[in-house]
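**Student:** coords please:
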Amino acid sequence: MQEIAETAYCLQLPKETKDNQLIFLMRIGHFDTTKYTLDDVTKYAFAVTDILNTQPTAQINGFIIILDFSNIKLQHIRQFTVDSTRRYVDCWEKMYPVHLCQIHFYNYPTLFDPILRLFQIFFARDLKDKIHFHSKSFENSLNKSLHQYIDPSLLPNEYGGQLGSIEGDMNKIFIQWIRQHNDYMIQLDRYGIDLKQVSELLKKVKKGNNE
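**Tutor:** Numbers count the residues shown, from 1 in each chain. Coordinates of the predicted model:
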């Protein structure tokens, strides 16, 4: 997990919105598919989410999530099967007590449209209303589209913002903060998560609710 952290696959941005919402960035195409699987980086992302969600501000005011698809390749897209997408969405909605305020799909290629349709199918109605799309087709207005919802003063310069680069001190400071919870991360990495069992558990919960 430490190696995944160094890639800045996901991190909380340092500033909150005027409504005290936290901004969580996930760079979906920012991992080496020859070294890691989607399950590997998902496990890391959920472990980080657990830690971030211990913050009172996160519990009270919630998160804005940016899912950045820049640099995504066919090797990444192939890992987004129907089952993995369903498990990913179900975990967010049913197993994690996370208050989601906005979800932004940023700089995704047209090739990814079928995957986004899958996400929309699996999301509950109240969550669908919080989703915003910023596709590659926006070209020069891509960041301008994102800035309609998030002030540039809260964003790294990779997104037309004013906070400096993710690859600089921003990710280093975030990793240091995460290391304060290193025991939890080590334990999770040691025992792992069987995401297939999670999927079966969610099916049983859903079946029980419908009976």
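**Student:** which parts of the chain are helices?
**Tutor:** 2-6, 38-52, 56-61, 74-77, 82-90, 113-122, 125-128, 142-147, 171-179, 182-191, 195-210 (DSSP state H).
**Student:** quickly, which of these bottoms out on average pLDDT?
**Tutor:** Lowest mean pLDDT of the helices of the chain: helix 195-210, a mean of 49.
**Student:** sheet partners, orientation included, of the longest strand anywhere in the chain?
**Tutor:** Of all segments of type strand in the chain, defined using DSSP state E, the longest is strand 100-108. Its sheet considered, strand 100-108 pairs with strand 63-68 (parallel), strand 131-135 (parallel) by DSSP bridges.
**Student:** pull the distance from the longest one to the chain's centre.
**Tutor:** In this case it means strand 63-68. 6 Å (Cα atoms, centre = their mean, to the nearest Å).
**Student:** would you mind finding the most buried of the strands paired with strand 100-108?
**Tutor:** strand 63-68 (a mean of 22; mean count of other Cβ atoms under 10 Å). Backbone N, C-alpha and C define where each C-beta goes, glycine included.
**Student:** need the contact partners of it.
**Tutor:** Residues from elsewhere that reach strand 63-68 (Cβ atoms under 8 Å, 6 or more residues apart in numbering): 17, 21-30, 52, 98-107, 146, 149-150, 159.
**Student:** and with 6 Å instead?
**Tutor:** 21-28, 100-106 (Cβ atoms under 6 Å, 6 or more residues apart in numbering).
**Student:** good, we can wrap up now.
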